[in-house]
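Chemist: my questions are about this predicted structure, shown below with the sequence.
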Amino acid sequence: SSDLFEAHRYAQARSAVLAHMADLEGIGLAHEILGLSAYRLGRWQEAVRHLDLARELRPGDPSVAVVLADCHRALGRHHEVERLWAEVRAASPAPWILAEGRMTMAGSLADRGELAAAIRTMTHGTRDPRRVREHHLREWYVLADLYDRAGEVATARRLYAKILGEDARFADARERLGALGG
């Protein structure tokens with residue numbers, strides 16, 4: 001089932017684990033696969049249930065907390081997003097995990113119309129990294145979108161152009177830049 005998940009066959013991964021759940025109950029990895037599969041399928045409540053169990057059975061993995069936070073965001077449970085974001089930050093996880101948490105928290109703030117706070121959350125550093133990684137591009141994309149939504153078009157254009165300078169085919173950055181007149 002983990003092979004199915006890795007192959008992005010989330011419904012099949014979910015079914016495979018569920019078919020053997022009687023034997024797998026209490027195994028953190030089984031609940032994690034179910035939770036992550038449900039997350040990918042947009043089944044937020046189910047994802048929360050299994051990810052909470054996975055965290056109980058396998059504590060200390062902040063990568064599960066960021067996915068759980070995104071599920072709570074989708075369900076409009078912003079206080080849970082804030083609680084999990086604080087937990088992730090306190091864990092001092094890998095940069096990509098911190099980036100995922102930051103993007104989820106910023107999205108939660110934006111969902112509530114707090115664009116300025118969302119932008120502050122995303123502008124955590126002033127220098128560009130020496131080596132740009134995927135999570136940097138994703139953070140810049142979220143920040144560009146927030147600036148666009150806040151009416152700061154010039155800053156949004158600059159960020160989309162910066163993304164394209166690193167990866168000319170990243171998401172829909174070229175289309176977003178074009179729509180802003182860049």
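Modeler: On my side now, so go ahead.

Chemist: next helix or strand past the helix-or-strand element of the chain with minimal mean pLDDT?
Modeler: Ranked by mean pLDDT, DSSP states H and E, the weakest helix or strand in the chain is helix 21-24, scoring a mean of 61. Once the chain leaves helix 21-24, the next helix or strand it forms, by DSSP states H and E, is helix 28-40.

Chemist: buried ones in that following helix?
Modeler: 28, 30-40 (16 or more other C-beta atoms under 10 Å). Every C-beta, even on glycine, is put in place using the N, C-alpha and C of the backbone.

Chemist: list the contacts for Ala106?
Modeler: 118-119, 121-122, 142-143, 146 (C-beta atoms under 8 Å, 6 or more residues apart in numbering).

Chemist: can I get the buried residues of helix 28-40 in a markdown table including pLDDT?
Modeler: Converted to a markdown table, these look like this (pLDDT from 0 to 100):
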| residue | pLDDT |
| --- | --- |
| Gly28 | 69 |
| Ala30 | 82 |
| His31 | 84 |
| Glu32 | 87 |
| Ile33 | 84 |
| Leu34 | 87 |
| Gly35 | 91 |
| Leu36 | 90 |
| Ser37 | 89 |
| Ala38 | 92 |
| Tyr39 | 94 |
| Arg40 | 90 |
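
Chemist: out of those residues, who's nearest Met103?
Modeler: Using C-beta to C-beta, Tyr39 is the member of the buried residues of helix 28-40 that lies nearest Met103, at 14.8 Å.

Chemist: now the closest one. Nearest residue, chain neighbours left out?
Modeler: Ala47 (4.1 Å; C-beta to C-beta, 6 or more residues apart in numbering).

Chemist: relative to Asp61, how far out is the one you found?
Modeler: 15 Å (C-beta to C-beta, to the nearest Å).

Chemist: against Asp148, how distant is the residue nearest to Tyr39?
Modeler: Ala47 is 29 Å from Asp148, by C-beta to C-beta.

Chemist: now swap in Leu159 and tell me
Modeler: On the measure of C-beta to C-beta, Leu159 and Asp148 end up 9 Å apart.

Chemist: ok, the two, which is more surrounded?
Modeler: Remark: of Leu159 and Asp148, Leu159 carries more neighbours, 24 against 18, as counted by other C-beta atoms under 10 Å.
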